[in-house]
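Participant: Mind folding the following:
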Amino acid sequence: MKNLEGGILKRVNIGICGLGTVGSGTFNVLKRNVDEINARANSQIEITHIGARRENPLCDTAGIKVSRDIFDVANDPDVDILVELIGGTSVALDLISQALRNGKHVVTANKALIAEHGNTLFELAREHKATLSFEAAVAGGIPIISALREGLAANKVEWLAGIINGTGNFILTEMRDKGREFADVLAQAQELGYAEADPTFDVEGIDAAHKLVILAAIAFGAPLQFDKVFTEGISNVLPEDLTYAQDLGYQIKHLGIARRRDSGGIELRVHPTLVPSAQLIANVDGVMNAVLVKGDAVGSTLYYGPGAGSEATASAVIADIVRVSRSIGVASDNHIPHLGSIDSKLQEPYVLPITEVETAYYLRMSVLDRPGVLSTVTQILSDAGISIEALVQKEPNEGEPHVPVILLTSRAIEKRLVGAIEEIEKLDTISDKIVRIRVEHLN
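Facilitator: Modelled structure (predicted):
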């Protein structure tokens, strides 16, 4: 095959480790669209080695070397790019490390591995003049990594907020639209294959935290700091809160938020969030993902699409294969830095603890239905420097002495609100714990 100048295309040999959902999608899209992919890569890309524990009937591997030991792929001298799609953070770490030591370029969709071990792996890649690419690690088929690293390179990113876990978004959407309980929808998500048998990573926000820390590192020119992300899941969100929020003109979304503070430092947090219904991101439902980015030059831009799936994620994997293929033969000093900024410019910022974060709040409390109770509540909030932006009192159930009261507060430092809530909960007119959900207007 010849390139546009009439010369012979350079051959780039691909070794794929893992033929599961994403691995099979990558294999089949590479095979199906080989002519278009080669033209865009200015290379002749060939899958020459597969590492997988078992065959996948969806993949015709005839004529391709197949090994049951994935490390055979990392040690194959003919493989130029190793594609790691096995998941996990133990064997995958050893596999990628071995490939990099052998001078191979690596493409991965492994967000947990990048978030937790990326700093070490990037250093290993630099040491051996190799590239480690990870577009598919965040938001599936949405090219958010390249958008942040290259497309928005002219901007000082002020903040970003993303729905970056489709399972959680599906659960919240079903709970809101059908009034279903969390456990009921989670069981359905598991039946549909959206959630794992152990759904902890999805519903408790760990998966989103992995992705957020990658986005923040690129956006702010910082090393990865996964251990500093505040993480709160959706398992305590109730259908009535979704309904009350909607009545007030908001949707509850599970967001990953990274924000640069004017006073210095950054915020890294994952939690349920009330977002105004008029915001585009508030209308992203089901298993879809979206990332909203605010740059000082471009303003706000929204990136939307499927956050998972065989061929959607394969699209991002192959984009990295194309990108790396173009760079083979180019001086390593000219490669795009892994996190978008040259290593000497990466600064580790102070990450604010959640107690220092300032935001508005949704509060729901069960209040004894008698005069003077709400004035006491509002006085406690006022003493903490917190004003009330909206207040709704619902009708009590038959024979029930307590009524639900919903408040939207002004912006406040979290530790002040926590102190006020503790004082309010001590009142004998308040039943049960106060529900607190943060509010962001994303402007």
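
Participant: low pLDDT regions in the stretch 301-443 of the chain?
Facilitator: Low-confidence segments of the stretch 301-443 of the chain, defined by pLDDT under 70: 330-336, 339-346, 399.

Participant: redo that, cut-off 80
Facilitator: 329-347, 396-399 (pLDDT under 80).

Participant: what about the nearest residue to residue 301 once chain neighbours are set aside, which helix or strand?
Facilitator: Nearest residue to residue 301, sequence neighbours excluded (CB to CB, 6 or more residues apart in numbering): residue 293, at 5.4 Å. No exception for glycine: its C-beta is placed from N, CA and C like everyone else's. Assigned by DSSP states H and E, residue 293 falls within strand 288-295.

Participant: That strand pairs with which strands?
Facilitator: strand 157-163 (antiparallel), strand 299-306 (antiparallel) (DSSP bridges).

Participant: Give me the contacts around stretch 208-215.
Facilitator: In this structure, residues lying in contact with stretch 208-215 by CB atoms under 8 Å, 6 or more residues apart in numbering are 111-112, 114-116, 118, 134, 137-139, 144-145, 148, 160, 162, 164-165, 168, 224-226, 229, 231, 254, 256-258, 268, 270, 291.

Participant: quick check: mean pLDDT across it?
Facilitator: Stretch 208-215 shows a mean pLDDT of 98.

Participant: From what I see, residue 199 and residue 191 are in contact.
Facilitator: No. Contact criterion CB atoms under 8 Å: residue 199 and residue 191 do not qualify, at 12.0 Å.

Participant: what about the strands paired with strand 288-295, which gets the closest to residue 353?
Facilitator: Residue 353 lies closest, by CB to CB, to one member of the strands paired with strand 288-295: strand 157-163, at 17.8 Å.

Participant: What's the first helix or strand after that closest one?
Facilitator: In N-to-C order, the element after strand 157-163 by DSSP H and E is helix 166-178.

Participant: what separates that next one from the chain centre, distance-wise?
Facilitator: On the basis of CA atoms, centre = their mean, to the nearest Å, helix 166-178 sits 17 Å off its chain's mean C-alpha point.

Participant: Please identify the buried residues of it?
Facilitator: Buried residues in helix 166-178, counted by 16 or more other CB atoms under 10 Å: 166, 167, 168, 169, 170, 171, 172, 173, 174, 175, 176.

Participant: list the helices and strands that helix packs on?
Facilitator: Contacts defined by 3 or more CB pairs under 8 Å, 6 or more residues apart in numbering; DSSP states H and E place helix 166-178 against helix 182-191, helix 200-203, helix 239-247, strand 250-260, strand 288-295.

Participant: Please name whichever of the ones you listed is nearest to residue 328.
Facilitator: Nearest to residue 328, of the helices and strands packed on helix 166-178 and by CB to CB, is strand 288-295 at 29.6 Å.

Participant: got the buried residues for that closest one?
Facilitator: In strand 288-295, counting by 16+ other CB under 10 Å, buried: 288, 289, 290, 291, 292, 293, 294, 295.

Participant: Go through those residues and name the one nearest residue 85.
Facilitator: Closest to residue 85, out of all of the buried residues of strand 288-295 and judged by CB to CB, is residue 289, at 19.0 Å.

Participant: residues contacting the nearest residue to the closest one once chain neighbours are set aside?
Facilitator: Distances taken as CB to CB, 6+ apart place residue 307 nearest to residue 289, at 3.1 Å, with adjacent residues excluded. Listed by CB under 8 Å, 6+ apart, the contact set of residue 307 reads 139, 140, 141, 142, 163, 164, 165, 166, 287, 288, 289.

Participant: Please consider this matter closed, and thank you.
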